[in-house]
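[1] Next input, structure requested:
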Amino acid sequence: MANGNGRPTIVRTGRGLTISGTRTTIYEVMDYLKADWPLALIRDWMILTEAQMSAVLAYIEMHGEEVEAEYQLVLQEAEEIRAYWEARNRERFQYIAQLPPPAGREALYEKIQTSKAALGMA
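    Numbering: from 1, shown residues only. Take a look at the predicted model:
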């Protein structure tokens, strides 16, 4: 897939399969496609041109199995990173949760706790 000036629209960078001239990866677009976002909304949200969006869809269609396999690896890696940082910061988060509210903000904290309890988050 090439853009108007003969350069490929989809290029492989250190971030993976990326839309040329942007920092947007195909995997980011796939997140929204899999969440059933309308194509026009994805395009507008990610600030892509119609040509870029068409090139992404065409690339995904032409290289479906390869792109899906890479997408699954990206998801797995993201989950591993999230789990690592969650485990690494667990004690810190517990410590912070035990801290009393800053002076003068007790009423605000009470309101937040009440709202969390009502939502089943406490």
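
[2] Just give me the longest helix of the protein.
    Secondary structure assigned by DSSP state H gives helix 64-98 as the longest helix of the chain.

[3] how far out from the middle of the chain is whichever helix or strand comes after that one?
    Where DSSP states H and E defines the elements, the next helix or strand beyond helix 64-98 is helix 106-118. In terms of CA atoms, centre = their mean, to the nearest Å, the centre of helix 106-118 is found 29 Å from the chain centre.

[4] how many neighbours does residue 28 have?
    19 (other CB atoms under 10 Å). C-beta here means a position set from N, CA and C on the backbone, and glycine is covered the same way.

[5] who does the longest helix of the chain touch, helix- and strand-wise?
    strand 16-19, helix 26-34 (3 or more CB pairs under 8 Å, 6 or more residues apart in numbering; DSSP states H and E).

[6] Alpha carbons of the last one, as CSV, please.
    The reference is to helix 26-34. Below are the C-alpha coordinates for helix 26-34, written out as CSV (Å, rounded to 0.1, in the frame of the first residue of the first chain):
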residue,chain,number,x,y,z
ILE,A,26,-2.3,-0.8,13.1
TYR,A,27,-2.8,-2.5,16.5
GLU,A,28,-4.3,0.6,17.9
VAL,A,29,-6.8,0.8,15.0
MET,A,30,-7.6,-2.9,15.6
ASP,A,31,-8.5,-2.2,19.2
TYR,A,32,-11.3,0.1,18.0
LEU,A,33,-12.3,-2.2,15.1
LYS,A,34,-12.7,-5.0,17.6
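
[7] re the thing from before, pick the most deeply packed of the helices and strands packed on helix 64-98.
    Comparing the helices and strands packed on helix 64-98 by mean neighbour count (mean count of other CB atoms under 10 Å), strand 16-19 ranks first with a mean of 20.

[8] which helices and strands does that strand pack with?
    Strand 16-19 packs on strand 10-13, helix 26-34, helix 50-62, helix 64-98, going by 3+ CB pairs under 8 Å, 6+ apart.

[9] so how far is residue 44 from the most centrally placed residue in the chain?
    Ranked by distance to the mean C-alpha position of the chain (CA atoms, centre = their mean), the top residue is residue 28 at 6.1 Å. As defined by CB to CB, to the nearest Å, residue 28 lies at a distance of 14 Å from residue 44.
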